[in-house]
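>>> coordinates for the following, if possible.
(one chain, ligands or ions: 2)
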Amino acid sequence: NGDFDSKIDYVFKVVLIGDSAVGKSQLLARFSRNEFSVDSKSTIGVEFQTKTLVLDNKTVKAQIWDTAGQERYRAVTSAYYRGAVGAMLVYDMTKRQTFDHITGWLEELRGHANRNIMIILIGNKCDLTSLRAVPTEDAQEFAERENLFFMETSALEATNVETAFQTVLKEIYRIVS
Ligand code: GDP
Ligand code: MG
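Ligands and ions are numbered 1, 2, ... in the order given. This is a model prediction of the structure:
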């Protein structure tokens, strides 16, 4: 059993969901490769990326799925959600509508995913401070009401991206270990 996979203690599937153009693919690029591409078309077609981390002396392989352009409700198939133990529910804090749609995404998620899936609400693009359209308190309140973790991130400036993913993965680990 000398192969690499035998050293993996856990594989956690985490799905990214939210409206188109909120920054899901860039969050994934930032987390998995510490990259941000100005031309985000380069990430289209990618199904998932993996990143291996050590949590509490255990090797955890995070398998993060990206919708790759099927971001309308019901266009995301149940196969996408199958086996997911975590979800990052992303909106663009400069576009109110993407936050208003979070309720729909949450319904979709709760209809398809495991009942005990760990969910974090992400307000992305926090670097665009002067364009903010969603107050932190609104999102915070919503997250508390719905029992979600919450964080504001910037994939562009790498703000809170690592922390957001780590929060979900650590919580999943805490539950399964
Ligand atoms: P997706 O459709 O949700 O996967 O969104 P993308 O990751 O393709 O990003 C959509 C657009 O938003 C692209 O033009 C990105 O460059 C831009 N973008 C993504 N994240 C950020 C961010 O944190 N800050 C800023 N200013 N732009 C971002
Ligand atoms: Mg994308």
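
>>> dump stretch 82-95 to PDB, restricted to CA.
Output of stretch 82-95 as PDB, limited to C-alpha atoms (Å, rounded to 0.1, in the frame of the first residue of the first chain):
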ATOM      1  CA  ARG A  82     -24.300  13.900  -4.800                       C
ATOM      2  CA  GLY A  83     -21.900  13.100  -2.000                       C
ATOM      3  CA  ALA A  84     -21.200  16.700  -1.200                       C
ATOM      4  CA  VAL A  85     -20.500  17.300   2.500                       C
ATOM      5  CA  GLY A  86     -19.900  21.000   2.100                       C
ATOM      6  CA  ALA A  87     -21.200  23.900   0.100                       C
ATOM      7  CA  MET A  88     -20.000  27.400  -0.600                       C
ATOM      8  CA  LEU A  89     -23.000  29.600  -1.400                       C
ATOM      9  CA  VAL A  90     -21.600  32.600  -3.200                       C
ATOM     10  CA  TYR A  91     -23.000  36.000  -4.000                       C
ATOM     11  CA  ASP A  92     -21.400  39.200  -5.400                       C
ATOM     12  CA  MET A  93     -21.600  41.900  -2.700                       C
ATOM     13  CA  THR A  94     -21.700  44.600  -5.400                       C
ATOM     14  CA  LYS A  95     -24.900  43.000  -7.000                       C
END
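
>>> need the helices for the protein, in chain order.
Remark: helices assigned in the chain by DSSP state H are 24-33, 78-81, 96-100, 102-112, 136-146, 161-176.

>>> got the residues of this protein near ligand 1?
Counting by Cβ under 6 Å from any ligand atom, the residues of the chain close to ligand 1 are 20-26, 38, 40, 124-125, 127-128, 154-156. Using the backbone N, CA and C atoms, a C-beta is placed for each residue, glycine as well.

>>> partners of the spatially most central residue of the chain in the sheet?
Relative to the mean C-alpha position of the chain, the nearest C-alpha, by Cα atoms, centre = their mean, is the one of residue 88, at 2.7 Å. Taking DSSP bridges as the rule, residue 88 bridges to residue 16, residue 120.

>>> hang on, the earlier thing: which ones, among the residues of the chain next to ligand 1, also lie beside ligand 2?
By Cβ under 5 Å from the ion, the members of those lying near ligand 2 are 24-25.

>>> residue of the protein nearest ligand 2, please.
Distances between the chain and ligand 2 by Cβ to the ion are smallest at residue 25, namely 3.2 Å.

>>> highest mean neighbour count out of the helices of the chain?
Highest mean neighbour count among the helices of the chain (mean count of other Cβ atoms under 10 Å): helix 24-33, with a mean of 22.
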